[in-house]
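Asks: Kindly return the folded structure for what I paste below:
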Amino acid sequence: MGRYKKKFYFLLMRHGNYCQKAYHFRKVFKHLIDSLSKMELEIKEEKNNKLVFQLKGENHTMCNALKKELWQDPNIKVAGYDVTHPLIDEIKFIVETNGKENPKKALNDAVKRLKKQGEDFKSAFAKAAK
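Replies: Numbering: from 1, shown residues only. Reported below is the predicted structural model:
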């Protein structure tokens, strides 16, 4: 067992439920960061203010975070996704802007903000775990 894991398991035993929740959140954010780095995206429809694309190998965790981050942009009119079938990891995502911003740029900016949030959480967690 690595040094970090030993230290973390000691904290987990010492602080109980609080650390279990923190460990769960750390795993979720690690998945988000990993997903953002390896996202497989296929564009299905592209217009001036609308982008429809398909994400492969993703689930609700990643898509819900991305959708919520897109909604933080004031130029977004529509941001949502549809899971075609629960056993198939292919998700159809729709992003529509008010025309002041390109949907690709809005998507790119949202992904960058999510990555930054994940990295900030990771460093804050590491600092708190010491």
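Asks: And the strands in the chain, which stretches?
Replies: 40-46, 50-56, 76-85, 88-97 (DSSP state E).
Asks: Phe121 and Lys115, how far apart?
Replies: Look at Phe121 and Lys115: by C-beta to C-beta, to the nearest Å, they are 11 Å apart. In short, each C-beta sits where N, CA and C put it, glycine included.
Asks: Which one's more surrounded, these two?
Replies: Phe121 (17 against 14; other C-beta atoms under 10 Å).
Asks: mind listing the helices for this protein?
Replies: Using DSSP state H, the helices of the chain run over residues 3-15, 17-38, 60-70, 103-129.
Asks: list the helices and strands the third one packs on?
Replies: In other words, helix 60-70. helix 17-38, strand 76-85, strand 88-97, helix 103-129 (3 or more C-beta pairs under 8 Å, 6 or more residues apart in numbering; DSSP states H and E).
Asks: okay, the angle between it and strand 76-85?
Replies: On the basis of axes from the mean of the first three to the mean of the last three C-alpha atoms, to 10 degrees, helix 60-70 is oriented at 170 degrees to strand 76-85.
Asks: Specify the angle between helix 60-70 and helix 103-129 in degrees.
Replies: Using the same axes, to 10 degrees: helix 60-70 against helix 103-129 is 110 degrees.
Asks: okay, the angle between helix 60-70 and strand 50-56?
Replies: Using the same axes, to 10 degrees: helix 60-70 against strand 50-56 is 160 degrees.
Asks: on that earlier part again, mean pLDDT for the helices and strands packed on helix 60-70: which is lowest?
Replies: For those, mean pLDDT drops lowest on helix 17-38, to a mean of 58.
Asks: Can you pull the phi and psi angles for Trp71?
Replies: phi -70, psi -10 (degrees, to the nearest 10).
Asks: Tell me the pLDDT of it.
Replies: 95.
Asks: who are the neighbours in contact with it?
Replies: Shown here is Trp71, whose contacts under the criterion C-beta atoms under 8 Å, 6 or more residues apart in numbering are Ala79.
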